[in-house]
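*Asks:* Quick one: sequence plus predicted model below, questions after.
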Amino acid sequence: MVSDSLSPASPAPGRNQSAVPDAERIRRSPKVLLHDHLDGGLRPATIVELARETGYEDLPETEAGRLETWFRESADSGSLERYLETFTHTVGVMQTREALFRVAAECAEDLAADGVVYAEVRYAPEQHLRGGLTLEEVVEAVDEGFREGERRAAADGHRIRVGALLTAMRHAARALEIAELANRYRDLGVVGFDIAGAEAGHPPTRHLDAFEYLKRENNHFTIHAGEAFGLPSIWQALQWCGADRLGHGVRIIDDIQVADDGSVKLGRLASYVRDKRIPLELCPSSNLQTGAAPSYAEHPIGLLRRLHFRATVNTDNRLMSGTSMSNEFEQLVRTFHYTLDDMQWFTVNAMKSAFIPFDERLAMINEVIKPGYAALKSEWLFRNSAV
Ligand SMILES: O=c1[nH]cnc2c1ncn2[C@H]1C[C@H](O)[C@@H](CO)O1
Ligand SMILES: [Zn+2]
């Protein structure tokens, strides 16, 4: 056991930094997103159009506004399994090259417009083969879409860089094949690997061959763990599979005890996660929907941030949660009174934990993220010189 006390959220803030940012400044601040599903972030209007174009007839609603509400409400079930059922319809319309290209391009555009400067977006190629595409064609269509979205965003005055994570579904048996695919495309827009899907009953150790292969190839991977299932899942993901990051990992809170006097005790696993700076891809709104956390106020991110875990803020599925990176931060700012310093801390954490090379991560931090926050933090100095 390791003892700790709750240190303050940030060093003593200056007048400028202590300001709790409003929605507009949150949107303008540079953000980094490590956990976002391509098939969980489609524009509702795009789903309706793609369904019409591709002959997909099973949509529960055919008007974009009502469909948007349907996704949010259906995902609000308190169960990960039922939450995942909603993906039938997004995956259903993502079965052609054109559809994948369009969804990927719009994803990059939407993230950039929200102030995201770097994103790793994941999807499961094995779920997009029903229209006759090969795994390679799926990866190439998505990659071309991301590049197109980056170009459109730049033309619109927003800079973003998007990499892909290839996901294997944990209930299926294609993990090694998908890991090999990720390795083949690693210099072509694919920055790593992931496994996702229902957690209970599908331990990550079933896919050890894929993880061992990736380690031999010096490649990177994250594992959805510690979301619907607790510490054993996190432990397996780290100590059996060797994950570089934890997708969610929020249940690490089960290994942390806070006493009435505020003193904190970390168990061995929580200590390991903090000591080794294992990145936690936390997704607050998604956790509320699947029942992994009861409310924003009770979400473990508050404590994990105070204890200096390598915590990051993510969207998971923007469509199902009706969210964006800005909205995630808005909720956290409202709940925990986070400042721009806190936002910068989460953002630098995320950038440090990205799967691109070290020199590029460092340049993103020093040339993009820190200057972006410095500009926002200094705005108060010029408040009387507004045009
Ligand atoms: O939060 C999640 N946990 C586990 N699996 C998830 C989550 N969000 C999305 N998925 C699944 C459903 C998608 O079809 C798949 C690939 O993006 O990943
Ligand atoms: Zn996820």
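*Replies:* That came through fine. Residues are numbered from 1 along each chain as shown. Ligands and ions are numbered 1, 2, ... in the order given.

*Asks:* Which helix or which strand is home to Gly163?
*Replies:* strand 161-169 (DSSP states H and E).

*Asks:* The helix or strand just after that strand: which residues count as buried?
*Replies:* Downstream of strand 161-169, the first helix or strand assigned by DSSP H and E is helix 175-184. If you call a residue buried by 16 or more other Cβ atoms under 10 Å, then helix 175-184 has these buried ones: Ala175, Leu176, Ile178, Ala179, Glu180, Leu181, Ala182, Asn183. Glycine gets a C-beta too; all of them are placed from N, C-alpha and C.

*Asks:* just stretch 329-346 next, same as before
*Replies:* 329-333, 335-336, 338-346.

*Asks:* okay, now the spatially closest residue to Arg305 that is not a sequence neighbour: neighbour count?
*Replies:* Leaving out its chain neighbours, the residue that sits closest to Arg305 by Cβ to Cβ, 6 or more residues apart in numbering is Ala311, at 5.4 Å. Each residue near Ala311 was counted by other Cβ atoms under 10 Å, and the total is 26.

*Asks:* Up against ligand 1, what does the stretch 1-150 of the chain have?
*Replies:* Listed as neighbours of ligand 1 in the stretch 1-150 of the chain under the rule Cβ under 6 Å from any ligand atom: His37, Asp39, Gly40, Leu80, Leu84, Phe87, Val91, Arg122, Tyr123, Ala124, Gln127.

*Asks:* Sort those residues by pLDDT and name the bottom one.
*Replies:* Least confident by pLDDT among these: that is Leu80, with 86.

*Asks:* tally of neighbours for the spatially closest residue to that residue that is not a sequence neighbour?
*Replies:* Nearest residue to Leu80, sequence neighbours excluded (Cβ to Cβ, 6+ apart): Ala228, at 4.0 Å. Neighbour count of Ala228, defined by other Cβ under 10 Å: 21.

*Asks:* what's the most distant pair in the residues of the stretch 1-150 of the chain next to ligand 1?
*Replies:* Greatest spacing in these, by Cβ to Cβ: Leu80 and Tyr123 (17.9 Å).

*Asks:* Against ligand 1, how distant is the residue nearest to Leu80?
*Replies:* Distance, Ala228 to ligand 1, by Cβ to the nearest ligand atom, to the nearest Å: 7 Å.

*Asks:* returning to what we had before: so Leu80 and Tyr123 - more neighbours on which side?
*Replies:* Taking other Cβ under 10 Å, Leu80 and Tyr123 do not tie; Tyr123 has more neighbours (29 against 21).

*Asks:* Provide a list of residues in contact with the residue lying closest to that one once chain neighbours are set aside.
*Replies:* Using Cβ to Cβ, 6+ apart and skipping residues adjacent in sequence, the residue nearest Tyr123 is Leu38, 3.8 Å away. For Leu38, the contact set (Cβ atoms under 8 Å, 6 or more residues apart in numbering) comprises Met94, Val103, Ala104, Cys107, Val121, Arg122, Tyr123, Val142.

*Asks:* Next, the fifth one: phi, psi?
*Replies:* Reported as degrees, to the nearest 10, the phi and psi values for Val121 are phi -110, psi 130.

*Asks:* What residue in the stretch 51-200 of the chain comes nearest to ligand 1?
*Replies:* Across the stretch 51-200 of the chain, the shortest distance to ligand 1 (Cβ to the nearest ligand atom) belongs to Ala196, at 3.5 Å.

*Asks:* State the pLDDT value of that residue.
*Replies:* On the pLDDT scale, Ala196 is placed at 96.

*Asks:* Then Ala386?
*Replies:* pLDDT, Ala386: 55.

*Asks:* ok, of the residues of the stretch 1-150 of the chain next to ligand 1, which one's closest to Met320?
*Replies:* Closest to Met320, out of all of those and judged by Cβ to Cβ, is Gly40, at 5.5 Å.

*Asks:* State the distance from the nearest residue to the closest one once chain neighbours are set aside to Gln257.
*Replies:* Nearest residue to Gly40 in three dimensions, chain neighbours excluded: Asn317, at 2.8 Å (Cβ to Cβ, 6+ apart). Distance, Asn317 to Gln257, by Cβ to Cβ, to the nearest Å: 31 Å.

*Asks:* These two: who's more crowded?
*Replies:* Asn317 (27 against 13).

*Asks:* How about the contacts made by that one?
*Replies:* So Asn317 contacts Asp36, His37, Gly40, Gly41, Ala75, Ser286 (Cβ under 8 Å, 6+ apart).

*Asks:* redo that, cut-off 7 Å
*Replies:* Counting by Cβ atoms under 7 Å, 6 or more residues apart in numbering, Asn317 touches His37, Gly40, Gly41, Ser286.

*Asks:* Surely the last one is in contact with Ser321?
*Replies:* Yes - using Cβ atoms under 7 Å, Ser286 makes contact with Ser321 at a distance of 5.4 Å.

*Asks:* And the strands in this structure?
*Replies:* 2-4, 31-37, 116-123, 161-169, 190-196, 221-225, 245-248, 256-258, 264-266, 280-282, 311-313 (DSSP state E).

*Asks:* got a markdown table for these, with distance to Pro371 too?
*Replies:* Shown next, in a markdown table, are the strands of the chain (distance: least, Cβ to Cβ, whole Å):
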| stretch | distance to Pro371 |
| --- | --- |
| strand 2-4 | 33 |
| strand 31-37 | 14 |
| strand 116-123 | 11 |
| strand 161-169 | 16 |
| strand 190-196 | 24 |
| strand 221-225 | 28 |
| strand 245-248 | 26 |
| strand 256-258 | 35 |
| strand 264-266 | 35 |
| strand 280-282 | 25 |
| strand 311-313 | 20 |
